[in-house]
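**Student:** Sequence first, then the predicted structure:
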Amino acid sequence: MELYIHIPFCSRKCEYCSFVSFPQSENRIPEYLETVLMEAEQRIREVTEPFTSVYIGGGTPSLILPSLLDSFIHHLKVILPLESIQEFTIESNPGTLTEDFIRTCIALGINRFSLGMQSADNGILKNLGRIHSYADVINSVRLLNQLNVNNYNLDLMFGIPSQTMEIWTDTLNKAISLKPAHISAYGLIPEEGTPLFRALQSGVTSLPSPDLERDMYDTALTMLEKAGYRQYEISNFARENRECIHNIGYWDQTPYMGLGVSAASMQIIGKTENGLNCVRKTNPETLDGYMLLVKNHESDRLHTDFISPEEARFETMMLALRMNRGISESRFFDLHRIHIDDCYGPSLKKMEENGLMIHQDASWKLTRRGMDIQNSILLDFMDYRG
Ligand code: SF4
(Lines give C-alpha, C1' and ligand atoms only; values in the text may rest on other atoms or scores of the structure.)
Protein backbone atom coordinates (compact mmCIF):
# COMPACT_ATOMS: atom_id res chain seq x y z
CA MET A 1 0.00 0.00 0.00
CA GLU A 2 1.02 3.59 -0.55
CA LEU A 3 0.33 6.62 1.60
CA TYR A 4 -0.35 10.17 0.40
CA ILE A 5 -0.72 13.12 2.79
CA HIS A 6 -2.05 16.41 1.48
CA ILE A 7 -0.83 19.68 3.01
CA PRO A 8 -3.16 22.33 1.56
CA PHE A 9 -1.34 25.53 2.54
CA CYS A 10 0.75 27.90 0.45
CA SER A 11 2.31 31.31 1.08
CA ARG A 12 -0.02 32.63 -1.59
CA LYS A 13 -1.97 31.20 -4.51
CA CYS A 14 -0.20 30.97 -7.89
CA GLU A 15 -1.98 32.37 -10.95
CA TYR A 16 -2.46 28.97 -12.60
CA CYS A 17 -3.11 26.86 -9.53
CA SER A 18 -6.15 24.60 -9.45
CA PHE A 19 -4.84 22.33 -6.70
CA VAL A 20 -6.63 22.29 -3.39
CA SER A 21 -4.45 24.80 -1.55
CA PHE A 22 -5.25 27.82 0.54
CA PRO A 23 -3.17 30.92 1.17
CA GLN A 24 -1.91 30.95 4.75
CA SER A 25 -3.69 33.96 6.20
CA GLU A 26 -3.72 32.47 9.69
CA ASN A 27 -1.64 29.58 10.88
CA ARG A 28 -3.97 26.59 10.74
CA ILE A 29 -1.17 24.07 10.15
CA PRO A 30 -0.93 22.76 13.75
CA GLU A 31 -4.69 22.17 13.97
CA TYR A 32 -4.68 20.62 10.50
CA LEU A 33 -1.87 18.17 11.27
CA GLU A 34 -3.66 17.08 14.45
CA THR A 35 -6.76 16.42 12.36
CA VAL A 36 -4.75 14.33 9.87
CA LEU A 37 -3.48 12.20 12.77
CA MET A 38 -7.06 11.74 13.97
CA GLU A 39 -8.08 10.71 10.47
CA ALA A 40 -5.25 8.15 10.34
CA GLU A 41 -6.47 6.67 13.64
CA GLN A 42 -10.05 6.51 12.44
CA ARG A 43 -9.14 4.78 9.20
CA ILE A 44 -6.58 2.29 10.49
CA ARG A 45 -8.93 -0.63 9.63
CA GLU A 46 -8.48 0.15 5.93
CA VAL A 47 -4.77 -0.59 6.14
CA THR A 48 -4.37 -4.15 4.90
CA GLU A 49 -0.57 -4.27 4.61
CA PRO A 50 2.48 -2.15 5.57
CA PHE A 51 3.03 0.97 3.48
CA THR A 52 5.90 0.87 1.01
CA SER A 53 5.99 4.55 0.08
CA VAL A 54 4.87 7.88 1.53
CA TYR A 55 4.37 11.10 -0.40
CA ILE A 56 3.71 14.38 1.40
CA GLY A 57 2.37 16.73 -1.26
CA GLY A 58 0.50 19.96 -1.48
CA GLY A 59 0.24 22.80 -1.30
CA THR A 60 3.58 23.61 0.24
CA PRO A 61 4.67 21.05 2.85
CA SER A 62 7.93 22.98 3.38
CA LEU A 63 5.83 25.64 5.16
CA ILE A 64 5.52 23.29 8.15
CA LEU A 65 7.81 24.27 11.01
CA PRO A 66 10.52 21.61 11.49
CA SER A 67 9.53 20.95 15.13
CA LEU A 68 5.91 20.46 14.07
CA LEU A 69 6.87 18.14 11.21
CA ASP A 70 9.01 16.15 13.63
CA SER A 71 6.18 15.61 16.09
CA PHE A 72 3.66 14.89 13.29
CA ILE A 73 5.75 12.15 11.66
CA HIS A 74 6.66 10.60 15.02
CA HIS A 75 2.96 10.34 15.89
CA LEU A 76 2.10 9.05 12.44
CA LYS A 77 4.66 6.27 12.83
CA VAL A 78 2.93 5.18 16.02
CA ILE A 79 -0.45 4.99 14.28
CA LEU A 80 0.42 3.56 10.84
CA PRO A 81 2.77 0.74 9.78
CA LEU A 82 5.58 2.78 8.21
CA GLU A 83 8.49 0.49 9.02
CA SER A 84 8.77 -0.96 5.47
CA ILE A 85 8.96 2.37 3.65
CA GLN A 86 11.34 2.33 0.66
CA GLU A 87 10.69 5.86 -0.56
CA PHE A 88 9.52 8.85 1.48
CA THR A 89 9.03 12.03 -0.56
CA ILE A 90 8.21 15.56 0.51
CA GLU A 91 7.30 18.38 -1.88
CA SER A 92 9.04 21.68 -1.24
CA ASN A 93 8.89 25.18 -2.58
CA PRO A 94 12.34 26.66 -3.28
CA GLY A 95 11.11 29.87 -1.64
CA THR A 96 10.51 28.20 1.72
CA LEU A 97 13.03 25.33 1.98
CA THR A 98 15.48 25.81 4.86
CA GLU A 99 18.49 23.90 6.16
CA ASP A 100 16.70 23.18 9.40
CA PHE A 101 13.73 21.74 7.50
CA ILE A 102 15.95 19.46 5.38
CA ARG A 103 17.88 18.23 8.44
CA THR A 104 14.61 17.40 10.20
CA CYS A 105 13.33 15.54 7.13
CA ILE A 106 16.52 13.47 6.90
CA ALA A 107 16.32 12.55 10.59
CA LEU A 108 12.72 11.43 10.05
CA GLY A 109 13.66 9.09 7.20
CA ILE A 110 12.43 11.32 4.37
CA ASN A 111 14.71 10.27 1.52
CA ARG A 112 13.37 12.14 -1.52
CA PHE A 113 12.62 15.83 -2.14
CA SER A 114 10.53 17.26 -4.95
CA LEU A 115 11.14 20.93 -5.74
CA GLY A 116 8.70 23.07 -7.70
CA MET A 117 11.32 24.87 -9.81
CA GLN A 118 8.99 25.39 -12.84
CA SER A 119 11.27 27.83 -14.70
CA ALA A 120 14.72 29.40 -14.55
CA ASP A 121 13.29 32.66 -15.88
CA ASN A 122 12.45 35.13 -13.12
CA GLY A 123 10.00 37.06 -15.31
CA ILE A 124 8.01 33.89 -15.99
CA LEU A 125 8.10 32.86 -12.33
CA LYS A 126 6.75 36.29 -11.40
CA ASN A 127 3.97 36.12 -14.02
CA LEU A 128 2.98 32.70 -12.72
CA GLY A 129 2.69 34.15 -9.23
CA ARG A 130 5.41 31.89 -7.84
CA ILE A 131 7.04 33.18 -4.64
CA HIS A 132 10.55 32.03 -5.56
CA SER A 133 13.28 33.10 -7.97
CA TYR A 134 15.83 31.00 -9.85
CA ALA A 135 18.41 32.01 -7.20
CA ASP A 136 16.18 30.30 -4.59
CA VAL A 137 16.27 27.10 -6.66
CA ILE A 138 20.09 27.19 -6.76
CA ASN A 139 20.17 27.82 -3.03
CA SER A 140 17.78 24.93 -2.30
CA VAL A 141 19.83 22.52 -4.42
CA ARG A 142 23.04 23.73 -2.75
CA LEU A 143 21.53 22.99 0.67
CA LEU A 144 20.39 19.52 -0.44
CA ASN A 145 23.87 18.75 -1.79
CA GLN A 146 25.58 20.04 1.36
CA LEU A 147 23.41 17.71 3.42
CA ASN A 148 24.16 14.77 1.10
CA VAL A 149 20.64 14.48 -0.30
CA ASN A 150 21.03 13.27 -3.85
CA ASN A 151 17.54 11.95 -4.54
CA TYR A 152 15.60 15.02 -5.57
CA ASN A 153 13.24 15.94 -8.37
CA LEU A 154 12.83 19.26 -10.15
CA ASP A 155 9.37 20.05 -11.54
CA LEU A 156 9.47 22.08 -14.77
CA MET A 157 6.68 23.58 -16.82
CA PHE A 158 6.35 24.45 -20.50
CA GLY A 159 3.62 26.01 -22.63
CA ILE A 160 3.55 29.10 -20.38
CA PRO A 161 2.44 32.53 -21.66
CA SER A 162 5.43 34.54 -22.98
CA GLN A 163 7.70 31.47 -22.81
CA THR A 164 9.82 31.19 -25.95
CA MET A 165 11.76 28.13 -27.08
CA GLU A 166 14.94 29.93 -26.03
CA ILE A 167 13.63 30.45 -22.49
CA TRP A 168 12.54 26.80 -22.31
CA THR A 169 15.89 25.39 -23.48
CA ASP A 170 17.65 27.69 -21.02
CA THR A 171 15.45 26.30 -18.21
CA LEU A 172 16.20 22.72 -19.30
CA ASN A 173 19.94 23.42 -19.46
CA LYS A 174 19.94 25.05 -16.04
CA ALA A 175 17.88 22.22 -14.52
CA ILE A 176 20.23 19.61 -15.99
CA SER A 177 23.26 21.49 -14.67
CA LEU A 178 21.84 21.19 -11.14
CA LYS A 179 22.15 17.39 -11.55
CA PRO A 180 18.83 16.27 -10.04
CA ALA A 181 18.09 12.54 -9.93
CA HIS A 182 14.69 13.11 -11.52
CA ILE A 183 12.99 15.74 -13.69
CA SER A 184 9.26 16.13 -14.31
CA ALA A 185 8.29 18.28 -17.29
CA TYR A 186 4.61 19.18 -17.52
CA GLY A 187 2.71 21.19 -20.11
CA LEU A 188 0.71 23.97 -18.46
CA ILE A 189 -3.04 23.29 -18.55
CA PRO A 190 -5.01 26.47 -17.80
CA GLU A 191 -7.85 25.39 -15.53
CA GLU A 192 -11.17 27.18 -15.34
CA GLY A 193 -11.55 29.37 -12.27
CA THR A 194 -7.89 30.38 -12.09
CA PRO A 195 -6.68 33.97 -12.65
CA LEU A 196 -4.60 32.69 -15.57
CA PHE A 197 -7.67 31.19 -17.24
CA ARG A 198 -9.52 34.52 -16.91
CA ALA A 199 -6.54 36.44 -18.31
CA LEU A 200 -6.46 34.10 -21.30
CA GLN A 201 -10.22 34.42 -21.84
CA SER A 202 -10.05 38.21 -21.81
CA GLY A 203 -7.07 38.26 -24.15
CA VAL A 204 -4.72 39.93 -21.63
CA THR A 205 -2.26 37.12 -22.26
CA SER A 206 -1.94 34.15 -24.59
CA LEU A 207 -0.41 30.70 -24.67
CA PRO A 208 2.37 29.58 -27.03
CA SER A 209 0.90 28.01 -30.18
CA PRO A 210 0.12 24.25 -30.07
CA ASP A 211 2.99 23.68 -32.54
CA LEU A 212 5.46 25.51 -30.32
CA GLU A 213 4.22 23.65 -27.26
CA ARG A 214 4.68 20.34 -29.05
CA ASP A 215 8.19 21.39 -30.09
CA MET A 216 8.95 22.28 -26.48
CA TYR A 217 7.95 18.77 -25.40
CA ASP A 218 10.05 17.20 -28.17
CA THR A 219 13.00 19.38 -27.16
CA ALA A 220 12.66 18.21 -23.56
CA LEU A 221 12.68 14.56 -24.70
CA THR A 222 15.83 15.09 -26.75
CA MET A 223 17.76 17.21 -24.24
CA LEU A 224 16.89 15.11 -21.21
CA GLU A 225 17.71 11.84 -22.92
CA LYS A 226 21.05 13.27 -24.06
CA ALA A 227 21.79 14.33 -20.49
CA GLY A 228 21.20 10.79 -19.19
CA TYR A 229 17.58 11.03 -18.06
CA ARG A 230 15.48 8.10 -19.26
CA GLN A 231 11.86 8.85 -19.91
CA TYR A 232 9.69 6.33 -18.04
CA GLU A 233 6.37 8.13 -18.18
CA ILE A 234 4.87 10.82 -20.41
CA SER A 235 6.12 13.66 -18.18
CA ASN A 236 8.77 11.96 -16.05
CA PHE A 237 12.49 11.37 -16.56
CA ALA A 238 14.99 9.77 -14.23
CA ARG A 239 18.58 8.72 -13.85
CA GLU A 240 19.07 4.97 -13.43
CA ASN A 241 17.03 3.54 -10.53
CA ARG A 242 15.72 6.97 -9.59
CA GLU A 243 12.17 6.59 -10.93
CA CYS A 244 9.54 7.68 -8.41
CA ILE A 245 8.36 4.49 -6.68
CA HIS A 246 5.23 6.20 -5.34
CA ASN A 247 4.02 7.42 -8.73
CA ILE A 248 4.79 4.11 -10.44
CA GLY A 249 2.67 2.42 -7.76
CA TYR A 250 -0.18 4.75 -8.64
CA TRP A 251 0.09 3.99 -12.36
CA ASP A 252 0.31 0.28 -11.46
CA GLN A 253 -2.95 0.49 -9.45
CA THR A 254 -1.31 -0.31 -6.14
CA PRO A 255 -3.88 0.43 -3.40
CA TYR A 256 -3.30 3.76 -1.67
CA MET A 257 -4.59 5.73 1.27
CA GLY A 258 -4.87 9.51 1.04
CA LEU A 259 -5.07 11.58 4.21
CA GLY A 260 -6.03 15.25 4.39
CA VAL A 261 -8.27 17.69 2.54
CA SER A 262 -9.37 16.41 -0.90
CA ALA A 263 -7.09 13.35 -0.71
CA ALA A 264 -8.27 10.27 -2.57
CA SER A 265 -7.84 6.62 -1.58
CA MET A 266 -8.17 3.42 -3.56
CA GLN A 267 -8.76 0.01 -2.05
CA ILE A 268 -9.15 -3.37 -3.68
CA ILE A 269 -12.17 -4.96 -1.99
CA GLY A 270 -12.18 -8.21 -3.87
CA LYS A 271 -10.72 -10.21 -6.72
CA THR A 272 -13.31 -12.42 -8.33
CA GLU A 273 -13.42 -14.49 -11.50
CA ASN A 274 -14.77 -11.38 -13.17
CA GLY A 275 -11.80 -9.29 -12.10
CA LEU A 276 -11.09 -6.52 -9.64
CA ASN A 277 -13.65 -4.81 -7.44
CA CYS A 278 -12.30 -1.56 -6.05
CA VAL A 279 -13.52 1.49 -4.19
CA ARG A 280 -12.27 5.02 -4.43
CA LYS A 281 -12.88 7.35 -1.49
CA THR A 282 -12.46 11.10 -1.58
CA ASN A 283 -12.10 13.49 1.34
CA PRO A 284 -14.01 16.81 1.38
CA GLU A 285 -12.41 19.64 -0.59
CA THR A 286 -12.94 22.41 1.95
CA LEU A 287 -10.81 22.81 5.04
CA ASP A 288 -13.80 23.25 7.34
CA GLY A 289 -15.70 20.37 5.72
CA TYR A 290 -12.72 18.07 6.21
CA MET A 291 -12.00 19.17 9.80
CA LEU A 292 -15.65 18.73 10.75
CA LEU A 293 -15.89 15.26 9.25
CA VAL A 294 -12.85 14.03 11.16
CA LYS A 295 -13.70 15.80 14.41
CA ASN A 296 -17.16 14.20 14.30
CA HIS A 297 -15.49 10.80 13.85
CA GLU A 298 -17.14 10.36 10.48
CA SER A 299 -14.06 9.43 8.43
CA ASP A 300 -15.82 6.21 7.51
CA ARG A 301 -18.47 8.28 5.72
CA LEU A 302 -16.25 9.59 2.94
CA HIS A 303 -17.59 10.04 -0.55
CA THR A 304 -17.20 6.55 -2.05
CA ASP A 305 -17.27 5.39 -5.67
CA PHE A 306 -17.40 1.71 -6.48
CA ILE A 307 -15.20 0.75 -9.43
CA SER A 308 -16.57 -2.17 -11.41
CA PRO A 309 -14.25 -4.80 -12.97
CA GLU A 310 -14.93 -3.19 -16.36
CA GLU A 311 -13.92 0.27 -15.12
CA ALA A 312 -10.87 -1.19 -13.38
CA ARG A 313 -9.74 -2.72 -16.70
CA PHE A 314 -10.12 0.61 -18.45
CA GLU A 315 -8.17 2.33 -15.66
CA THR A 316 -5.36 -0.18 -16.15
CA MET A 317 -5.10 0.88 -19.79
CA MET A 318 -5.37 4.56 -18.94
CA LEU A 319 -2.68 4.47 -16.25
CA ALA A 320 -0.28 1.83 -17.58
CA LEU A 321 -0.10 3.34 -21.05
CA ARG A 322 1.27 6.54 -19.54
CA MET A 323 4.44 4.59 -18.86
CA ASN A 324 7.03 3.70 -21.49
CA ARG A 325 6.97 0.06 -20.45
CA GLY A 326 3.22 -0.06 -21.23
CA ILE A 327 1.09 -2.94 -20.01
CA SER A 328 2.28 -6.53 -20.00
CA GLU A 329 -0.18 -9.28 -20.91
CA SER A 330 0.67 -11.21 -17.74
CA ARG A 331 0.15 -8.18 -15.49
CA PHE A 332 -3.21 -7.50 -17.11
CA PHE A 333 -4.24 -11.14 -16.62
CA ASP A 334 -3.04 -11.21 -12.99
CA LEU A 335 -5.10 -8.15 -12.19
CA HIS A 336 -8.26 -8.92 -14.11
CA ARG A 337 -8.32 -12.70 -14.76
CA ILE A 338 -8.96 -12.08 -18.42
CA HIS A 339 -6.58 -11.86 -21.37
CA ILE A 340 -6.03 -8.34 -22.67
CA ASP A 341 -6.86 -9.54 -26.21
CA ASP A 342 -10.29 -10.71 -25.06
CA CYS A 343 -10.98 -7.19 -23.79
CA TYR A 344 -9.27 -4.87 -26.19
CA GLY A 345 -7.96 -7.12 -28.99
CA PRO A 346 -9.61 -5.36 -32.00
CA SER A 347 -8.67 -1.93 -30.70
CA LEU A 348 -5.05 -2.90 -30.00
CA LYS A 349 -4.64 -4.46 -33.45
CA LYS A 350 -6.09 -1.41 -35.17
CA MET A 351 -3.69 0.88 -33.31
CA GLU A 352 -0.74 -1.35 -34.09
CA GLU A 353 -1.62 -1.19 -37.79
CA ASN A 354 -1.86 2.60 -37.55
CA GLY A 355 1.57 2.88 -35.92
CA LEU A 356 0.16 4.09 -32.59
CA MET A 357 1.08 1.03 -30.52
CA ILE A 358 3.66 -1.71 -30.57
CA HIS A 359 3.43 -5.25 -29.31
CA GLN A 360 6.83 -6.21 -27.90
CA ASP A 361 8.03 -8.72 -25.28
CA ALA A 362 4.41 -9.69 -24.51
CA SER A 363 3.58 -6.06 -23.65
CA TRP A 364 1.58 -3.34 -25.36
CA LYS A 365 3.14 0.14 -25.48
CA LEU A 366 2.31 3.44 -27.12
CA THR A 367 4.65 4.61 -29.86
CA ARG A 368 5.91 8.20 -29.80
CA ARG A 369 3.04 9.15 -32.14
CA GLY A 370 0.62 7.26 -29.93
CA MET A 371 1.81 9.18 -26.85
CA ASP A 372 1.01 12.43 -28.65
CA ILE A 373 -2.62 11.47 -29.07
CA GLN A 374 -3.04 9.40 -25.97
CA ASN A 375 -6.40 10.91 -25.09
CA SER A 376 -8.08 9.92 -28.34
CA ILE A 377 -6.56 6.44 -28.04
CA LEU A 378 -8.15 6.09 -24.62
CA LEU A 379 -11.50 7.12 -26.08
CA ASP A 380 -11.16 4.19 -28.45
CA PHE A 381 -10.54 1.83 -25.53
CA MET A 382 -13.60 3.27 -23.86
CA ASP A 383 -15.71 2.24 -26.86
CA TYR A 384 -14.25 -1.26 -26.65
CA ARG A 385 -14.65 -1.65 -22.90
CA GLY A 386 -14.85 -5.40 -22.56
S1 SF4 B 1 2.86 26.46 -4.83
FE2 SF4 B 1 1.81 24.82 -5.97
S3 SF4 B 1 0.02 24.29 -4.73
FE4 SF4 B 1 0.79 26.26 -3.98
S5 SF4 B 1 -0.42 27.79 -5.05
FE6 SF4 B 1 1.46 27.46 -6.26
S7 SF4 B 1 0.94 25.86 -7.74
FE8 SF4 B 1 -0.65 25.85 -6.14
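**Tutor:** The structure has been received and is ready for your questions. Nothing here was measured: the structure is a model prediction, and the numbers come from that model.

**Student:** what sits opposite F9 in the beta ladder?
**Tutor:** With DSSP bridges as the criterion, the beta-bridge partners of F9 are F22.

**Student:** ok, it touching R28?
**Tutor:** Yes: judged on CB atoms under 8 Å, F9 makes contact with R28 at a distance of 7.2 Å. Yep, even glycine has a C-beta here, placed from its N, CA and C like the rest.

**Student:** Just want to know which of those two has more residues nearby.
**Tutor:** More crowded of F9 and R28, by other CB atoms under 10 Å: F9, with 21 against 15.

**Student:** Any buried residues in the helix or strand D218 falls within, and which?
**Tutor:** Following DSSP states H and E, one finds D218 within helix 210-226. Judged by neighbour count (16 or more other CB atoms under 10 Å), helix 210-226 contains these buried residues: L212, E213, M216, Y217, T219, A220, M223, L224.

**Student:** and the helix or strand hosting I138 with the ligand, contact?
**Tutor:** I138 belongs to helix 134-146 when assigned by DSSP H and E. No: judged by CB under 6 Å from any ligand atom, helix 134-146 stays clear of the ligand, getting no closer than 12.5 Å.

**Student:** so what does that helix touch, helix or strand wise?
**Tutor:** Here helix 134-146 touches helix 99-107, strand 112-118, strand 152-158, going by 3 or more CB pairs under 8 Å, 6 or more residues apart in numbering; DSSP states H and E.

**Student:** Quick one: residues contacting the closest residue to the ligand within the stretch 251-386 of the chain.
**Tutor:** In the stretch 251-386 of the chain, the residue that lies nearest the ligand is S262 (11.6 Å; CB to the nearest ligand atom). By CB atoms under 8 Å, 6 or more residues apart in numbering, the contact list for S262 reads H6, P8, V20, T282, N283, P284, E285, Y290.

**Student:** re the thing from before, will you turn the buried residues of helix 210-226 into JSON lines that also has pLDDT and distance to the ligand?
**Tutor:** Compiled in JSON lines, those are given as follows (pLDDT from 0 to 100; distance: CB to the nearest ligand atom, whole Å):
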{"residue": "L212", "pLDDT": "97", "distance to the ligand": "23"}
{"residue": "E213", "pLDDT": "95", "distance to the ligand": "19"}
{"residue": "M216", "pLDDT": "97", "distance to the ligand": "19"}
{"residue": "Y217", "pLDDT": "94", "distance to the ligand": "20"}
{"residue": "T219", "pLDDT": "97", "distance to the ligand": "23"}
{"residue": "A220", "pLDDT": "97", "distance to the ligand": "20"}
{"residue": "M223", "pLDDT": "98", "distance to the ligand": "24"}
{"residue": "L224", "pLDDT": "98", "distance to the ligand": "22"}
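
**Student:** Provide a list of residues in contact with the residue positioned nearest the centre of the chain.
**Tutor:** By CA atoms, centre = their mean, the chain has its centre lying nearest to N247, at 6.3 Å. Contact partners of N247, counting by CB under 8 Å, 6+ apart, are E233, N236.

**Student:** List the buried residues of the helix or strand of the chain with the lowest mean pLDDT.
**Tutor:** Here the helix or strand of the chain ranked lowest by mean pLDDT, DSSP states H and E is helix 374-383, holding a mean of 78. For helix 374-383, burial by neighbour count (16+ other CB under 10 Å) applies to I377, D380, F381.

**Student:** show me the contacts for C278.
**Tutor:** M266, Q267, I268, I269, F306, I307, A312.

**Student:** ok, which of those residues also contact the ligand?
**Tutor:** Here nothing survives when the contacts of C278 are matched to the ligand using CB under 6 Å from any ligand atom.

**Student:** buried subset of those residues?
**Tutor:** Neighbour-count burial (16+ other CB under 10 Å) applied to the contacts of C278 gives M266, Q267, I268, I307, A312.

**Student:** what about the second one, distance to L82?
**Tutor:** It refers to Q267. Q267 is 18 Å from L82, where distance means CB to CB, to the nearest Å.

**Student:** next one: the third one
**Tutor:** Here the distance between I268 and L82 works out to 21 Å (CB to CB).

**Student:** T104 contacts L69, correct?
**Tutor:** Yes: counting by CB under 8 Å, L69 is a contact partner of T104 at 5.7 Å.

**Student:** So these two - more neighbours on which side?
**Tutor:** Comparing T104 with L69 by neighbour count (other CB under 10 Å), the higher total belongs to L69, at 23 against 19.
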